[in-house]
Each structure stands twice: as structure tokens, then as C-alpha cells.
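Asks: Pasting a predicted model and its sequence here:
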Amino acid sequence: MPAKNEGLAHCKFVLVFAVLTDLLGITSVLIGVFAPLEVKGRDFGDLLVYSGALLVLLSMVGWVMWYSGNIEGISSAKDLGDYKAGAVDRLARSLSQRIRTSRRSHATV
């Protein structure tokens, strides 16, 4: 049975992680900039701005992981034509196939 393309279904947890860290980071930056946050005479707005920026940076890692997890590879050698695969290509293809088969076996359980 051929695999069905499920769109956003690949790497769901990484997508949720990226979206949540984006939301938390942007919210933190906005609160840090616009809300007066003073406790005992000390301003904590800078802490929220810097931590929000770090969360947005962390979300970029999640977006890159999600995007790279959704890239579809070349499935067969006949799609390549005359191209002869090198050792790195064979290693990448076999590793990708192992990950794909383990993902499918976990999905059926």
C-alpha cells in the first residue's frame, strides 16, 4: 500500500513545539515592552524581553526541524536517471528508509 501524503501530519510534536514557543516568546516580548513590571523598585521588563527573544530563537530550531522532517526524498533510482549514487547518498537513503519504516511501525501500534 503506498504511503498517503498527510500534509502537516509529519512531525506533529515538533510543529506544536514550534508554534507554542513562538506564541510564548512573542507574548513575553510584548508584555516586557508594554507592561510596567516593577517589583520593589526593580524593573523586570528586560527579563521578559530577553527571555522572549530566546524563546523565539528556540522556536526557529523547531521550525527547521519540522521543515526538514517534511521534505520528501527521491524514492527510487529510476527517478535519478543516469546519476550514480555515491557512498553518502546510499547512506542517507538507507538511513531515511530506516526512519520511515520505524515511524510507520510505531504508527500502526
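Replies: Looks like it arrived, so ask away.
Asks: number of nearby residues for the spatially closest residue to residue 43 that is not a sequence neighbour?
Replies: Spatial nearest neighbour of residue 43, excluding adjacent residues (CB to CB, 6 or more residues apart in numbering): residue 37 at 6.5 Å. From N, CA and C alone the C-beta is placed, and that goes for glycine too. The burial count assigned to residue 37 is 14, neighbours taken as other CB atoms under 10 Å.
Asks: Isn't residue 37 up against residue 28?
Replies: No: the pair residue 37 and residue 28 fails to qualify as a contact (CB atoms under 8 Å) at a distance of 11.0 Å.
Asks: What segments of the protein are helices?
Replies: Taking DSSP state H to define them, one finds helices in the chain at 12-34, 45-69, 87-108.
Asks: what's the least confident stretch among the ones you listed?
Replies: Lowest mean pLDDT within these: helix 87-108, at a mean of 73.
Asks: Next, the angle helix 45-69 makes with that one.
Replies: Counting by axes from the mean of the first three to the mean of the last three CA atoms, to 10 degrees, helix 87-108 lies at 100 degrees to helix 45-69.
Asks: how close does the nearest residue to residue 66 once chain neighbours are set aside get to residue 97?
Replies: In space, residue 66 comes closest to residue 14 once its chain neighbours are excluded; the distance is 4.4 Å by CB to CB, 6+ apart. Note on residue 14: its distance to residue 97, by CB to CB, to the nearest Å, is 20 Å.
Asks: And for residue 25?
Replies: Taken as CB to CB, the span from residue 25 to residue 97 is 36 Å.
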